[in-house]
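Engineer: what's the 3D shape of this:
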Amino acid sequence: MSDSLLRRGRSCLAMAAALGALLAALLPAALATAAEKPAVTLSKNQAGQGGDITVKGKGWRADALLMILICGQATPAKGVPGGTNSCANAEGLAVTTKGDGTFTKKLPVAEPPEPCPCVVHVATVTGEKAQADAAFKVAGHPVKDLPEQESGGRLSVLTDTRLDGDSGVLTWFGAPPSRKLVFTVGNVGSAPVKDPVFRVGTSHGVFAPQWEEQQWRGTIAPGKKAQIKLPVELSAGAHGNYLVSLKFGGKVLAEQPWGVGRPWGVTVFWILLCVVVPAAVFRIGMAVVDRIRPNRRGGGRSRAAGRHRTGRLAELTDRLPKLRLPQGAVAADQAARTRRTKPTEDTRQGGADPNGTATLPWFTPDTGPGGTAPAGRLSAPSENSPTANSPDSPKTTKGNT
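Structural biologist: Predicted coordinates:
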């Protein structure tokens, strides 16, 4: 029994010793990794424009996207007070770290917009912010001392910046987009900072930022911090990718990207305008043409107007006093009209003769075939008549004599 307990105790002690040895081997490496900061080394400390150098880094986050720039008016101890505006941004490069946090990149040498002292500035693009600088001299580039910093309070951004707010319906139709830049600063100086004046800049693409001063009302005591909200507004109809920069005391404290959507309402408005305006012009032109060209219906209106005028004249004529003839004269006139019109009507109707003789259209009533002339009517002499051969009858000749 005692031997088994003794063996178990020895095995436990062996396992504890092995675990202790393993922890002793891993703990220094873990502490070294945790304490290691991002660092940058250069293959050469001086080179002229047109040359190139090799930049190596270690201690960075694995698979992190980094930006490499040559900046002026900067030192490794003070960083880059002027922000990326003092760097050669056009010649900058991007690199992604390996799984162990290292990288190697060949960088072309370019002159920054600000004089030296210069540094090779490496900073993270996404994720947790980290940066490192290495002193570098651009051969042939002017050199100027750094400006002296004023003694007193100094502000430093303690948290990541963000843009609060949302776009309204009017922004969809081209209204200026607006946000609030929110950040937390701390006073790392020895004097309080009262009513600090910040400069907020907005830039689009490769254009330089447009700065605007914004004053925050309040006092930040040494060692204290405060959350600050500053309004940011773009121009009307702005869209695309913008960068909001924050500067205080000549130093860029933070930068925040801002993606602004396209105002599609303006596009819809122009499309409707291109459709409605031509249609309205066409309708107006047709109305003008209808007014100018001669109207065929105008004659009908004129005739109608003439009929109206004739009707009015008839009404006036009816109202005038009428002259009345004697009754005897009226009866005589009607009898004369009846005698004149009755034979004509009988002839037109092709009716029979009153004596019973049928009258053909090409015969006169007194020369009907097989009939005799009615009493009281005269006819032209004929050669077969009884009086044509009598010696007392006058001779009738035809033709020219």
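
Engineer: tally of neighbours for residue 187?
Structural biologist: Counted with other C-beta atoms under 10 Å, the neighbours of residue 187 add up to 22. From N, CA and C alone the C-beta is placed, and that goes for glycine too.

Engineer: if I look at it, how far off is residue 44?
Structural biologist: 40 Å (C-beta to C-beta, to the nearest Å).

Engineer: Could you do residue 167 as well?
Structural biologist: 49 Å.

Engineer: neighbours around residue 68, how many?
Structural biologist: When neighbours are defined as other C-beta under 10 Å, residue 68 has 21 of them.

Engineer: what sits against it?
Structural biologist: 55, 92, 93, 94, 95, 105, 107, 120, 121, 122 (C-beta atoms under 8 Å, 6 or more residues apart in numbering).

Engineer: hmm, 7 Å instead?
Structural biologist: Taking C-beta atoms under 7 Å, 6 or more residues apart in numbering, we find residue 68 in contact with 55, 92, 93, 95, 105, 107, 120, 122.

Engineer: Where does it sit: helix, strand or coil?
Structural biologist: Using DSSP: H, G, I helix; E, B strand; the rest coil, the structure places residue 68 in strand.

Engineer: State the pLDDT value of it.
Structural biologist: On pLDDT, residue 68 comes in at 94.

Engineer: Apart from its neighbours in sequence, what residue is nearest it?
Structural biologist: Take residue 68 and drop its neighbours on the chain: the residue closest to it by C-beta to C-beta, 6 or more residues apart in numbering is residue 93, 4.9 Å away.

Engineer: count of neighbours near the one you found?
Structural biologist: For residue 93, the neighbour count with other C-beta under 10 Å is 13.

Engineer: Quick check: which ranges of the stretch 301-401 of the chain have low pLDDT?
Structural biologist: Counting by pLDDT under 70, the stretch 301-401 of the chain has low-confidence residues at 301-326, 329-330, 340-401.

Engineer: how far does stretch 212-223 stretch from start to finish?
Structural biologist: Using C-alpha to C-alpha, to the nearest Å, the end-to-end distance of stretch 212-223 comes to 28 Å.

Engineer: sorry, that was for stretch 196-215
Structural biologist: Length of stretch 196-215, first residue to last, C-alpha to C-alpha: 6 Å.

Engineer: Go through it and flag the buried ones.
Structural biologist: 196, 198, 199, 200, 201, 202, 203, 204, 209, 214 (16 or more other C-beta atoms under 10 Å).

Engineer: Can you name the two of those residues that sit furthest apart?
Structural biologist: Within those, 196 and 204 form the most distant pair, 26.7 Å apart (C-beta to C-beta).

Engineer: send the alpha carbons of stretch 73-82 over as PDB?
Structural biologist: Coordinates of each C-alpha in stretch 73-82 appear next as PDB, following Å, rounded to 0.1, in the frame of the first residue of the first chain:
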ATOM      1  CA  GLN A  73       9.800  68.200 -40.700                       C
ATOM      2  CA  ALA A  74       9.700  65.100 -38.500                       C
ATOM      3  CA  THR A  75      11.900  63.100 -36.200                       C
ATOM      4  CA  PRO A  76      11.500  59.600 -34.600                       C
ATOM      5  CA  ALA A  77      11.100  61.200 -31.200                       C
ATOM      6  CA  LYS A  78       8.400  63.700 -32.100                       C
ATOM      7  CA  GLY A  79       6.800  61.800 -35.000                       C
ATOM      8  CA  VAL A  80       5.200  63.700 -37.900                       C
ATOM      9  CA  PRO A  81       3.700  66.900 -36.500                       C
ATOM     10  CA  GLY A  82       2.300  68.000 -39.800                       C
END
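
Engineer: Show me which parts of that stretch are buried, residue by residue.
Structural biologist: Neighbour-count burial for stretch 73-82 [16+ other C-beta under 10 Å]: 73, 74, 79, 80, 81, 82.
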